[in-house]
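Asks: Fold the stuff below for me.
(2 chains)
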Amino acid sequence: QSALTQPPSVSGSPGQSVTISCTGISSDVGSYNRVSWYQQSPGTAPKLMIYEVSNRPSGSGVPDRFSGSKSGNTASLTISGLQAEDEADYYCSSYTSSTTWVFGGGTKLTVL
Amino acid sequence: EVQLVESGGGLLQPGGSLRLSCAASGFTFTTSWIHWVRQAPGKGLVWVSHINNDGTKITYADSVRGRFTISRDNAKNMVYLQMNSLRAEDTAVYYCARDAGYSFWAWGQGTLVTVSS
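Replies: All right, here's what the predicted structure looks like:
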């Protein structure tokens, strides 16, 4: 149950786009479209942003600036039109063939 | 409104036991899977355990298997995490989360467990 691999940090200026990668193995990210992404601001609980690789939860207020994709063992979260309010920690998660779940180590997004 | 409220956290010594509770409301609890996820201070999220809607399917992370037990009471809309043989590395905020489509759709505010001598 090794954690998925995310870059520790990414940054971008307002209006730019950033992409956060999430690399797993063939028995988790590579096998299932059960990859999800979470945003966590300091002192708060995580919030679901993307589920099943590329779907935004309806009625949750997640803007369409957030999008997800997957290729092989790597999933990606792209945030376009970066805004100051997007500054937070982001985590990916995947279901695994062991019928368990695994998170990535997290990525700190800084809006310059 | 979907709500998950954790309780039961506290300070205890290594080797001790604690039971966390998760009270659910605002959704059909009897058809929902529930997870426990923890976060050590300043660290990332770590999945701990999952229970399906009727308690017949339960899974654990390797780090807690044999020490933690998840259970649920569908009559009370409650999920529990019994934690035994606690270690310093179990120190974390523990969240319960509702599963939907193998994702963690809704989260509680968390309860802090501190294991220290």
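
Asks: Chain B contacts on chain A?
Replies: Residues of chain A found near chain B (Cβ under 8 Å from any Cβ of the partner chain) are A:1, A:3, A:32, A:34, A:36, A:38, A:40, A:45-48, A:51-52, A:57, A:89, A:91, A:93, A:95, A:98-106. (C-beta placed from N, C-alpha, C; glycine too.)

Asks: in the helix or strand encompassing residue B:50, what counts as buried?
Replies: Residue B:50 belongs to strand B:45-51 when assigned by DSSP states H and E. If you call a residue buried by 16 or more other Cβ atoms under 10 Å in any protein chain shown, then strand B:45-51 has these buried ones: B:45-51.

Asks: before we move on, the earlier item: any of the residues of chain A next to chain B buried? List them.
Replies: In the residues of chain A next to chain B, burial by neighbour count holds for A:3, A:32, A:34, A:36, A:38, A:40, A:45-48, A:51-52, A:57, A:89, A:91, A:93, A:95, A:100-106, counting by 16+ other Cβ under 10 Å.

Asks: Let's see which of those end up in strands.
Replies: Secondary structure from DSSP state E places A:36, A:38, A:40, A:47-48, A:89, A:91, A:93, A:95, A:101-103 of these in strands.

Asks: and the two most separated of those residues?
Replies: Maximum pairwise distance among those (Cβ to Cβ): 21.2 Å, between A:89 and A:95.

Asks: Go ahead and flag the most central residue of chain B.
Replies: Nearest to the mean C-alpha position of chain B, by Cα atoms, centre = their mean, lies residue B:36 at 3.1 Å.

Asks: Equivalent analysis for chain A, please.
Replies: residue A:37 (3.5 Å).

Asks: Quick check: what element follows the strand holding residue B:50 along the chain?
Replies: Immediately after strand B:45-51, counting by DSSP H and E, sits strand B:58-60.

Asks: Next secondary structure after that next one?
Replies: According to DSSP H and E, the helix or strand after strand B:58-60 is strand B:68-73.

Asks: And that next one, how far out from the chain middle?
Replies: How far strand B:68-73 lies from its chain's middle: 8 Å, per Cα atoms, centre = their mean, to the nearest Å.

Asks: average pLDDT for it?
Replies: For strand B:68-73, mean pLDDT is 98.

Asks: Next: stretch A:100-112.
Replies: Averaging pLDDT along stretch A:100-112 gives 97.

Asks: In stretch A:18-33, which of the residues would be classed as buried?
Replies: Across stretch A:18-33, burial judged by 16+ other Cβ under 10 Å covers A:18, A:20-25, A:28-30, A:32-33.

Asks: quick revisit: remind me what the strand holding residue B:50 packs against, helices and strands.
Replies: Strand B:45-51 sits against strand A:88-95, strand A:101-103, strand B:34-39, strand B:58-60, strand B:68-73, strand B:78-83, strand B:92-100, with contacts defined as 3 or more Cβ pairs under 8 Å, 6 or more residues apart in numbering or on different chains; DSSP states H and E.
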